[in-house]
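Enquirer: quick one: sequence plus predicted model below, questions after.
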Amino acid sequence: MGRVFIVGWDGATFDLIEPWIAEGKLPNIAEVWNGGSHGELQSTLPPMTFPAWSSFMTGKNPAKHGIYDFTRQRPGTYDLEFVNGGQRKAPSFWKLLSDAGKRVISISVPCTFPPEPVNGVMLSGFDAAGLGGSSSKLDARGMYPRAVYDELERELDGHPIGSFPIQEINQGRAEAAVQKILDVIGRKAATAKYLMQNYEWDCAMILFGESDGAGHHFWKYCDHRSPQFTAEPASMRDSILRVYQELDRQLGELKQLLPFDTTLLMMSDHGFGGVSNTVIYPNCWLREQQMLQFRGGVSKWMSRRLDALKLFAVAVLPNGVQKFLSRFARTQLGGIEAKVRYGIINWSETKAFFEENPYYPALRINLKGRQPQGTVEPGEEYEQLRSELIQRLEEWRHPVSGERIVEKAYRREEVYEGASLDEAPDIVVKWATHEEYTYAFRVSSKSRTLQWIEELDPKRQDNMAFFSGKSGSHRDNGIFLAEGPEVIAGKTINGARIIDMAPTILHLLGVPTPADMDGRALIEVLEGEAASPMEIGAAAGAVAEVETETYTEEDKVVINERLRALGYID
């Protein structure tokens, strides 16, 4: 039985890769493309980082692993708390491989903090606690075994969590932001090369989140059709290409280290595209539909002031000051972020509300017995309200173009299935695009007129902070490529899903796929013995959440900074 090596390029899209391959700009991924199989990889709905990577590593839909977003509501409250791998309720394929006696290495995959005890090495992704702010290094808490920390400090000066160049961008130093990203790619690759050469492994993986960050920050420089197109500095026109080229260069060097019997898998958790300058305030629309009411002016003012304070802290204050302030921010997201999102809502007069995250606002019913000030009765009233809201969402139109605002709205049970279904949003929204660009979503307290739609000039000073990290956003389909001794050359695969990755990896390593996984092994790209039917084993079942607090208050400030740097919270 051979080995499996997985390279993740977060947010990578064939919309960029395929033409660059044709132009000879990405020679190493071109070699994988031509020498193996490839196809689009369908993400989760919605295509968000945490649920997508959790589905990748478990082979299960979010209702089975329990991860829907970067945050979740605390039971019995409207407050929010951070989510990480400790809340995942399904074992990863690294754990399943370890239990089968296989040796594993996992580097920088999101939603793997705290790291699982594995037969090998696990370095957590950007949800990990770390040292410092936007230039964080992973500390021992994010490593298994913890002894690896001292080794990596000694040999490589540590392992970077990510680049997160928010301060460079806010200071107008775009080129410095690019160089920071390129540097982190090299440092992450150095970790992978070191571990692959100094530890035994059957399955190893390295995830580069920098392709995602570059898309969020730099799309406006590279797409001349974008409503946010920014012509200066001219050197930024090829900024995303330069990031992909560095990823491609490191791919070539990593391939040189692979034993001959290795199957190489490449993938991304979702695709990428541009963001419009048309902004939607979802809860303002619900107010127009008489499903939600706002409170008075003081609440709106307070919500705006709290958000302005957060922006100032992330963009301007040194990390040491942020840490000092964090000692007084004891509820962090639970208090401040919830008040920013929900501070203006009059709960006693509200039937439904959007969780107004900047990319995929999710719709929840204000349900009696679940929400502390619920107004909707469970049962018949709940179901009737969901039906009415779905109809209205699918009838929602752009006031000028007549385009759909919502492509499709689903009851949660139409999308998800599993023991954690009750934690899902009540209605799952598949948002439409506006002239091929996704809408920008903003908390309704920012709407000066309480109208639900507005066009904003991204270059105006008072809008720049909002659009920072939001010139590009996720699309439904990521990338999948496979190359190796048992992979069919020149084959295009259709219908591959991110939940198929874990069963495929287990199959390639001769480990049965648990019966409760939702995915399947992609045997259609394989030949020889590897093309035999997938072996089904006993259900993996659920795992318990980590009950101890995994973040200090200082950690929460840093995690908040990272999520804002990527545009994932407003």
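Expert: That came through fine.
Enquirer: the strand of greatest length in the chain pairs with which strands?
Expert: Ordering each strand of the chain by length in residues (DSSP state E) puts strand 271-280 first. Strand 271-280 has the following strand partners under DSSP bridges: strand 437-441 (parallel), strand 453-455 (antiparallel), strand 472-475 (antiparallel).
Enquirer: what does the following helix or strand past that strand rub up against?
Expert: Moving toward the C-terminus from strand 271-280, the first helix or strand encountered (DSSP states H and E) is helix 282-288. Residues outside helix 282-288 that contact it (CB atoms under 8 Å, 6 or more residues apart in numbering): 292-294, 345, 352-354, 356, 361, 396, 441, 443-444, 447, 450-452. Any C-beta I mention is one placed from the backbone N, CA and C, and that applies to glycine too.
Enquirer: what sits against Phe441?
Expert: Applying CB under 8 Å, 6+ apart to Phe441 gives the contacts 279-282, 356-361, 570.
Enquirer: I'd like those residues as JSON lines, with distance to Leu508 appended.
Expert: Formatted as JSON lines, these follow (distance: CB to CB, whole Å):
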{"residue": "Val279", "distance to Leu508": "45"}
{"residue": "Ile280", "distance to Leu508": "43"}
{"residue": "Tyr281", "distance to Leu508": "47"}
{"residue": "Pro282", "distance to Leu508": "43"}
{"residue": "Glu356", "distance to Leu508": "42"}
{"residue": "Asn357", "distance to Leu508": "36"}
{"residue": "Pro358", "distance to Leu508": "37"}
{"residue": "Tyr359", "distance to Leu508": "33"}
{"residue": "Tyr360", "distance to Leu508": "32"}
{"residue": "Pro361", "distance to Leu508": "38"}
{"residue": "Asp570", "distance to Leu508": "41"}
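Enquirer: put the alpha carbons of the longest strand of the chain into PDB.
Expert: Extracted as PDB, the C-alpha positions of strand 271-280 are listed here (Å, rounded to 0.1, in the frame of the first residue of the first chain):
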ATOM      1  CA  GLY A 271     -13.600  28.600  -5.300                       C
ATOM      2  CA  PHE A 272     -13.300  32.300  -5.600                       C
ATOM      3  CA  GLY A 273     -14.700  35.300  -7.500                       C
ATOM      4  CA  GLY A 274     -15.200  39.000  -7.100                       C
ATOM      5  CA  VAL A 275     -17.400  41.100  -4.800                       C
ATOM      6  CA  SER A 276     -19.800  43.800  -5.900                       C
ATOM      7  CA  ASN A 277     -19.900  47.300  -4.400                       C
ATOM      8  CA  THR A 278     -23.700  46.700  -4.000                       C
ATOM      9  CA  VAL A 279     -24.300  46.300  -0.300                       C
ATOM     10  CA  ILE A 280     -27.200  44.500   1.300                       C
END
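Enquirer: now the contacts of helix 282-288: which count as buried?
Expert: 292, 294, 345, 352-354, 356, 361, 396, 441, 443-444, 447, 452 (16 or more other CB atoms under 10 Å).
Enquirer: which one of these sits closest to Pro514?
Expert: Of all the buried ones among the contacts of helix 282-288, Pro514 sits closest to Pro361, with 33.4 Å by CB to CB.
Enquirer: that closest one contacts Phe353, doesn't it?
Expert: No. Assessed by CB atoms under 8 Å, Pro361 is found out of contact with Phe353, at 9.6 Å.
Enquirer: give me the common contacts of the two.
Expert: The contact lists of Pro361 and Phe353 share no entry, where a contact means CB under 8 Å, 6+ apart.
Enquirer: thinking again about what came up before, can you give me the offset of the longest strand of the chain from its chain's centre?
Expert: Distance, stretch centre to chain centre, for strand 271-280: 16 Å (CA atoms, centre = their mean, to the nearest Å).
Enquirer: buried residues of that strand, list them for me.
Expert: 271-280.
Enquirer: still on that earlier bit, mind putting the buried ones among the contacts of helix 282-288 in TSV, distance to Ser226 included?
Expert: Rendered in TSV, the data for the buried ones among the contacts of helix 282-288 read as follows (distance: CB to CB, whole Å):
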residue	distance to Ser226
Leu292	32
Phe294	32
Ile345	33
Ala352	33
Phe353	31
Phe354	25
Glu356	23
Pro361	22
Trp396	24
Phe441	17
Val443	23
Ser444	25
Ser447	23
Trp452	23
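Enquirer: looking at these, which are in strands?
Expert: Using DSSP E, the members of these that fall in strands are 352-354, 441.
Enquirer: contacting residues around the residue nearest to Gly484 when sequence neighbours are not counted?
Expert: Excluding its sequence neighbours, the residue lying closest to Gly484 (CB to CB, 6 or more residues apart in numbering) is Thr263, at 3.4 Å. Contact partners of Thr263, counting by CB under 8 Å, 6+ apart, are 2-5, 482-487, 508.
Enquirer: residues in contact with the residue nearest to the spatial centre of the chain?
Expert: Taking CA atoms, centre = their mean, the centroid of the chain lies closest to Thr49, which sits 1.5 Å from it. Taking CB under 8 Å, 6+ apart, we find Thr49 in contact with 10, 70, 110-111, 212, 269-270, 474, 568.
Enquirer: the residues you listed: which two are farthest apart?
Expert: Using CB to CB, the contacts of Thr49 reach their maximum pairwise distance at Cys111 and His474, which is 15.5 Å.
Enquirer: mind putting the buried ones among the contacts of helix 282-288 in TSV, distance to Tyr149 and pLDDT included?
Expert: TSV is the format used below for the buried ones among the contacts of helix 282-288 (distance: CB to CB, whole Å; pLDDT from 0 to 100):
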residue	distance to Tyr149	pLDDT
Leu292	48	98
Phe294	49	96
Ile345	44	96
Ala352	46	98
Phe353	43	98
Phe354	41	97
Glu356	38	93
Pro361	39	95
Trp396	50	98
Phe441	39	96
Val443	38	94
Ser444	44	95
Ser447	46	93
Trp452	49	98
